[in-house]
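[1] I need the structure of the sequence given here:
(2 chains)
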Amino acid sequence: MKILVGIKRVVDYNVRIRVRPDGSGVDTDGVKMSINPFDEIALEQALRIREAGNAEEVIVVSLGGTECQQQLRTGLAMGADRAIQVDTEENLQPLTIARALLKVVEKEQVGLVILGKQAIDGDNSQTGQMLAALWDRPQATFASGLELSGDSATVTREVDAGLEKIEVDLPAVITVDLRLNEPRFVKLPDIMKAKRKPLEVIPLTDLGVASENDLLASQYAPPPVREKGIMVEDTAQLVAELKTRGLV
Amino acid sequence: MSKTLIIAEHDGKDLNPSTAKCANCAAAISQPYDIVVLGSTISEVAKQAATIEGVETVIAIDAEHLAKPLAVNHAAEVVALADGYSHILGPSTTYGRDLMPRIAALLGVNQVSDISTVVGPHHFKRPIYAGNAIVDVQSPEGVKVVATVRVASWKALANTGSASLEERTADSPALTHTRYLDLQSGGGERPDLQTASRVVSGGRAMASEENFELIYSLADMISAGAGASRAAVDAGYCPNDMQVGQTGKIIAPDLYMAFGISGAIQHITGIKDAGTIVAINKDAEAPIFEVADIGLAADLFDVIPEMKQLLG
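    Okay, here's the model as predicted:
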């Protein structure tokens, strides 16, 4: 079985982003970029499945310009076997990404797709579900546990009410949550080795996919600032303040 | 067909308050709205939905294979209904976030996630980057809008309505490639985090599962929900469904009390719609104090027992 893992290049989660003064977007110039943290967890899970002998190959795929090859190389250094860059300068929206991923899935005859449950830039949480829909296959989102047995997978999902277990037939799309695993660190020799692993570049247009009916992001603004609060000295003052405000 | 369809969320017995919050968003879009309830033996839930202010029709689709909230089956039913609607809304809860993109893709449209403000029928505001930016998004005219409603941004509409009820049979067969096994519920009888008017939360400084009893006892005393930071959940001090933040629950209680939570931006994004934020932390420099309305730099292991005494 082949496993496909999606990787998105995003602003590192430690960076406090700033909205450009003219409201035209978020300032990403000179900002540290990383693999979306959820995608690292997705890749780690794929690697573990391969290491357990349940998959032959792990392919990482990213959609973007040449710069996203950096993140693909990191994925290769973590242990992916090969990489695909779907080349585009456009800022693609989830539906178009899902359509492009489906083309890759069909071309590679993938048995399992593992994605992050959301990207920490757009916070959309859409791509996995959309790919599953277009592929007409099961989806198991927000996974914090995953066991493969033969042609199916049992997935523990982190839902609002607790932990839900579902069983899905493969092929399927799984999107991962934070507590599924702890991604491995990349070692220097692996970075060297990763440079020799295959990285294929496919122009988006070659997949026959184009954006349509995109949402237009017209204006960006910083969030409203909360008014400065007060500091109290002790618990008695705190409780008195809460009572004055009618909160307890 | 300028009409909105809201997907009801429920547990088979009761309607989730997220539905009345979606209705508020639908009301802001300024066109008539219906609610669809998907499930098995759902007449009671449908009746509850019919009381939400302003709803025209509640459509109940009752089928065995819809009993559990599996997106694959629910999406197929919604898509079969979609023709009569210009807008389809679901909640930003895990149910809605699982379901709505599947519907959007089947309909061939992009989805607007987490609507926090309605500017016009095709113009919305939503937070991105863990709430560190708010973006205006406009969906193309004449194209169906599929969206999730950021439930923390909307108050539930009142139960003053009396919609007509319409029962329908399922349109699509069960998809057997996805099977529901079980649900292990982490929480007890405390108020649901996403609807509680008060929430008491603990962070890494709680230091153990046993110490979280302090959080629970204070929460119970003031009828609050109990929450946690990601660090506390990761450390195994409490169940995952208590996690508040970018990747957990986004909540908007009247009172949020954070004990021993440093205040990472990912946590702050989950609470910044709270009415009053109270922070108790030993470290006076903790970033949580930047957003707190009332701060107390003190040891939570002193403060919680003292609070219980003063409130008791």
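[2] where do the helices sit along the stretch 1-150 of chain B?
    B:18-28, B:43-50, B:71-81, B:94-107 (DSSP state H, counting those that start in this stretch).
[3] Quickly check: the last one near chain A or not.
    Yes - Helix B:94-107 comes into contact with chain A when judged by Cβ under 8 Å from any Cβ of the partner chain, the residues involved being B:94, B:95, B:97, B:98, B:99, B:100, B:101, B:102, B:103, B:104, B:105, B:106. All C-beta atoms are positioned from the backbone trio N, CA, C, and that covers glycine.
[4] coming back round to it: same list as before, the helices of the stretch 1-150 of chain B that is, but in a markdown table and with mean neighbour count, mean pLDDT and distance to residue B:167 included.
    Listed next are the helices of the stretch 1-150 of chain B as a markdown table, based on neighbours: other Cβ atoms under 10 Å in any protein chain shown; pLDDT from 0 to 100; distance: least, Cβ to Cβ, whole Å:
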| stretch | mean neighbour count | mean pLDDT | distance to residue B:167 |
| --- | --- | --- | --- |
| helix B:18-28 | 25 | 98 | 18 |
| helix B:43-50 | 20 | 97 | 8 |
| helix B:71-81 | 23 | 97 | 13 |
| helix B:94-107 | 26 | 98 | 21 |
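[5] would you list the ones you listed in TSV and tack on distance to residue B:115?
    Compiled in TSV, those are given as follows (distance: least, Cβ to Cβ, whole Å):
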stretch	distance to residue B:115
helix B:18-28	6
helix B:43-50	20
helix B:71-81	18
helix B:94-107	11
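[6] Would you mind splitting chain B into its domains for me?
    Split into domains by automatic domain parsing, chain B comes to B:4-168, B:198-311.
[7] How far off centre is the shortest one?
    Here the centre of mass of C-alpha atoms in domain B:198-311, compared against the chain's by Cα atoms, centre = their mean, to the nearest Å, lies 19 Å away.
[8] Go ahead and name everything in contact with the strand ranked longest in chain A.
    Identified as the longest strand of chain A according to DSSP state E is strand A:139-149. Residues outside strand A:139-149 that contact it (Cβ atoms under 8 Å, 6 or more residues apart in numbering or on different chains) are A:45, A:49, A:54, A:117, A:125, A:128-129, A:132-133, A:153-159, A:163, A:165-166, A:168, A:170, A:172-180, B:71-72, B:94, B:97-98, B:102, B:178, B:240.
[9] Narrow these to those in strands?
    A:153-159, A:163, A:165-166, A:168, A:172-176, B:178.
[10] how near is the most centrally placed residue in chain B to chain A?
    Among the residues of chain B, the one closest to the centroid is residue B:93, at 4.0 Å (Cα atoms, centre = their mean). Using Cβ to the nearest Cβ, to the nearest Å, residue B:93 is found at 5 Å from chain A.
[11] start to end distance for stretch B:4-20?
    Stretch B:4-20 has an end-to-end distance of 14 Å (criterion: Cα to Cα, to the nearest Å).
[12] re the thing from before, so which of the helices of the stretch 1-150 of chain B comes closest to residue A:188?
    helix B:94-107 (38.7 Å; Cβ to Cβ).
[13] Just flag the most distant two among the residues of helix B:94-107 next to chain A.
    The widest separation within the residues of helix B:94-107 next to chain A (Cβ to Cβ) is 19.6 Å, between B:94 and B:106.
[14] residue boundaries of the helices in chain A?
    For chain A, the helices defined by DSSP state H occupy A:37-51, A:69-78, A:94-108, A:127-135, A:188-194, A:235-244.
[15] Mind putting the domains of chain B into TSV with distance to residue A:38?
    Formatted as TSV, the domains of chain B follow (distance: least, Cβ to Cβ, whole Å):
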stretch	distance to residue A:38
domain B:4-168	13
domain B:198-311	8
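[16] what does the model give residue 10 for pLDDT?
    Let's take chain A. Residue-level confidence at residue A:10 comes out at 97, pLDDT.
[17] wait, I meant chain B there
    Looking at residue B:10, the pLDDT reads 97.
[18] so how far is stretch B:18-28 off the chain centroid?
    The answer for stretch B:18-28 is 12 Å, by Cα atoms, centre = their mean.
[19] Next: stretch A:40-59.
    That offset, for stretch A:40-59, works out to 16 Å (Cα atoms, centre = their mean).
[20] same thing with stretch A:77-93?
    12 Å.
[21] Please apply the same query to stretch B:136-155.
    What separates the centre of stretch B:136-155 from the centre of its chain is 15 Å, taken as Cα atoms, centre = their mean.
[22] now stretch A:7-25
    How far stretch A:7-25 lies from its chain's middle: 16 Å, per Cα atoms, centre = their mean.
[23] buried set for it?
    For stretch A:7-25, a neighbour-count test (16 or more other Cβ atoms under 10 Å in any protein chain shown) marks A:7, A:8, A:9, A:10, A:11, A:13, A:15, A:17, A:19 as buried.
[24] I'd like the residues you listed laid out as JSON lines, including distance to residue A:72.
    Below are these laid out as JSON lines (distance: Cβ to Cβ, whole Å):
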{"residue": "A:7", "distance to residue A:72": "6"}
{"residue": "A:8", "distance to residue A:72": "11"}
{"residue": "A:9", "distance to residue A:72": "9"}
{"residue": "A:10", "distance to residue A:72": "14"}
{"residue": "A:11", "distance to residue A:72": "17"}
{"residue": "A:13", "distance to residue A:72": "19"}
{"residue": "A:15", "distance to residue A:72": "21"}
{"residue": "A:17", "distance to residue A:72": "23"}
{"residue": "A:19", "distance to residue A:72": "29"}
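[25] which of the residues you listed sit farthest apart?
    Farthest apart among the buried residues of stretch A:7-25 by Cβ to Cβ are A:7 and A:19. That separation is 25.7 Å.
[26] follow-up on the earlier one: which ones among the buried residues of stretch A:7-25 are found in strands?
    A:9, A:10, A:11.
[27] just these now: which is nearest chain B?
    Distance to chain B across these (Cβ to the nearest Cβ) is lowest for residue A:11, with 7.4 Å.
[28] dump the residue contacts of that closest one.
    Contacts of residue A:11 by Cβ under 8 Å, 6+ apart are A:17, A:26, A:28, A:31, A:32, A:33, A:34, A:120, A:121, B:129.
[29] Show me which pair in those residues is furthest apart.
    Using Cβ to Cβ, the two most remote members of those are A:26 and A:34, lying 15.4 Å apart.
[30] Check what pLDDT residue 120 gets.
    I went with chain A, as the question did not name one. On the pLDDT scale, residue A:120 gets 95.
[31] wrong one, I was asking about chain B
    Note for residue B:120: predicted pLDDT of 97.
[32] Is it bridged to anything, and to what?
    Beta bridges link residue B:120 to residue B:123 when assigned by DSSP bridges.
[33] Count residues in the vicinity of it, would you?
    10 (other Cβ atoms under 10 Å in any protein chain shown).
[34] Just give me the neighbour total for the residue nearest to residue B:275 when sequence neighbours are not counted.
    Residue nearest to residue B:275 in three dimensions, not counting chain neighbours: residue B:254, with 4.1 Å by Cβ to Cβ, 6 or more residues apart in numbering or on different chains. By other Cβ under 10 Å, the residues close to residue B:254 number 14.
[35] And for residue B:53?
    Residue B:53 has 16 neighbours, counted by other Cβ under 10 Å.
[36] for residue 100, what are its contacts?
    Reading this off chain A. Counted by Cβ under 8 Å, 6+ apart, residue A:100 has contacts A:63, A:86, A:92, A:204, A:207, A:209.
[37] could you do chain B instead?
    Contacts of residue B:100 (Cβ under 8 Å, 6+ apart): A:129, B:7, B:88, B:90, B:111, B:146, B:147, B:148.
[38] and the closest residue to the fourth one other than its chain neighbours, how far is that from residue B:18?
    By that I understand residue B:90. In this structure, residue B:90 finds its nearest non-sequential neighbour in residue B:96, 3.6 Å apart by Cβ to Cβ, 6+ apart. Using Cβ to Cβ, to the nearest Å, we find residue B:96 at a distance of 7 Å from residue B:18.
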